[in-house]
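1. Please work out how this folds:
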Amino acid sequence: MTFAATILTLYPEMFPGPLGVSLAGRALERGDWSCEAVQLRDFATDRHRTVDDTPAGGGAGMVLKADVLGHAVEQVKTSIPNMDAGAGPRPILAMTPRGKPITQARIREIAAGPGVAILCGRFEGYDERIFDAYPEIEQVSLADIVLSGGEPAALAILDACIRLIPGVMGAPSSGHEESFEDGLLEYPQYTRPQEWEGRTIPEVLRSGDHAKIAAWRKARSEDDTRLRRPDLWERHVGARDQSASGAQHETKEPDQ
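-> Have a look, this model is predicted:
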C-alpha cells in the first residue's frame, strides 16, 4: 500500500522539498509514498483567484475564505482517492497554532494508514466555519510557535510519517528506541572515537554487558526526561502508575 500525501497550499512548489532527498526521497522514487501538492487558488471562483479577505470585525491581516477552503476539502474527499483496499479514509489535518500539538502516537497512527491530506494555513488563518462544516478536519500544531505558513510544519509531519513506513528506515527497530516512543526522551548516543578532547564514551557502553547497557539507557532516559521535560515525565509517571494499579486490580483474589 502506498502512503498517499496530499497538501493543499498556496505554495505547491515547496513540496516535496527536502522530502525529495535522503531516505524519504529514495522512498518516493520507489513508490513507497506519493506526494501531490494542490494549489488552493485553483478553488477560487472569481477571475482574480482570490483566496482571502479581511477579518470580520476588523483587525490586521487576511483570512483564508471558507468557500475556497470548502471546495478544496471536497476535492480531497471525493476526487482524490481516499480509500485503498478498505483501509479507510485519509485523515485531513489543518496546520494552525490554535490546534492540538501533534504527538508521536498520532504520527504512528497516521503512518499506519493509507495517507494524509494536510491543509496549510497562511495569513491570519482560516475562516472558522470550515471546521464547523467539516468536523473531521483535525486542527493540529507542530509546537508552541508561530510560522509564516503551515508548509514547514506539514513537511515536518510528513517526514515523521514517512520514516515509519516499512522499509524506509534501515533497521526495523530504528523507529522504536527513540524519543517519545515510550513517553520518554531517548537516551544519549555515542560513537567512535572512544576519546575526544579528553571526553570518553561511558564505560558501561564499552562493557559488552547488554543488561547493564539497557539499565543505563533506561535510567538516562528517565533522568533526562525528568530534568528537561517535566511535562512528559509527569504524564509518563501517571501512565506507569495507572498501568501498575490496573495490573494489581487484575491479579487481586476475588472476594469469597
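
2. Can you give the strand pairings for the longest strand that the chain contains, parallel or anti for each?
-> Counting by DSSP state E, the longest strand found in the chain is strand 92-101. Sheet pairing here is set by DSSP bridges, and for strand 92-101 it gives strand 115-120 (parallel), strand 138-141 (parallel).

3. Give me the buried positions along whichever helix or strand residue 161 is part of.
-> In this assignment (DSSP states H and E), residue 161 forms part of helix 151-162. Applying a neighbour-count criterion of 16 or more other CB atoms under 10 Å, one finds 151-162 buried in helix 151-162. Where C-beta positions appear, they are placed from N, C-alpha and C, glycine not excepted.

4. looking at the strands paired with strand 92-101, which is buried most?
-> strand 115-120 (a mean of 26; mean count of other CB atoms under 10 Å).

5. from the chain's centre, how far out does that one sit?
-> 11 Å (CA atoms, centre = their mean, to the nearest Å).

6. heading toward the C-terminus, what's the first helix or strand past that strand?
-> Following strand 115-120 toward the C-terminus (DSSP H and E): helix 129-133.

7. Need the residues that contact that next one.
-> 66, 69-70, 73, 94, 137, 139 (CB atoms under 8 Å, 6 or more residues apart in numbering).

8. Which of those fall within strands?
-> Using DSSP E, the contacts of helix 129-133 in strands are 94, 139.

9. Could you work out the most separated pair of the contacts of helix 129-133?
-> Using CB to CB, those span at most 15.7 Å, a distance reached by 70 and 139.

10. Can I get the strands paired with strand 92-101 in CSV including mean pLDDT and distance to residue 54?
-> Formatted as CSV, those follow (pLDDT from 0 to 100; distance: least, CB to CB, whole Å):
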stretch, mean pLDDT, distance to residue 54
strand 115-120, 97, 21
strand 138-141, 98, 22
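
11. For those, give me TSV that also has distance to residue 225.
-> Below are the strands paired with strand 92-101 laid out as TSV (distance: least, CB to CB, whole Å):
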stretch	distance to residue 225
strand 115-120	28
strand 138-141	22
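
12. Which stretches in the stretch 1-150 of the chain count as helices?
-> 22-30, 66-74, 104-111, 129-133 (DSSP state H, counting those that start in this stretch).

13. which stretch among the ones you listed comes nearest residue 185?
-> Closest among the helices of the stretch 1-150 of the chain, using CB to CB: helix 104-111, at 11.4 Å.

14. which parts of the closest one are buried?
-> By 16+ other CB under 10 Å, the buried positions in helix 104-111 come out as 104, 106-108, 110-111.

15. now stretch 25-45
-> Buried, per 16+ other CB under 10 Å, within stretch 25-45: 27-28, 32-33, 35-40, 43-44.

16. ditto for stretch 181-190
-> 182-187.

17. Ok, stretch 10-29 next?
-> 10-12, 14-17, 19, 23-24, 27-28.

18. That stretch: how far from the chain's middle?
-> 16 Å.

19. same thing with stretch 107-120?
-> Distance, centroid of stretch 107-120 to centroid of chain: 8 Å (CA atoms, centre = their mean).

20. can you check stretch 138-145 too?
-> The answer for stretch 138-145 is 10 Å, by CA atoms, centre = their mean.
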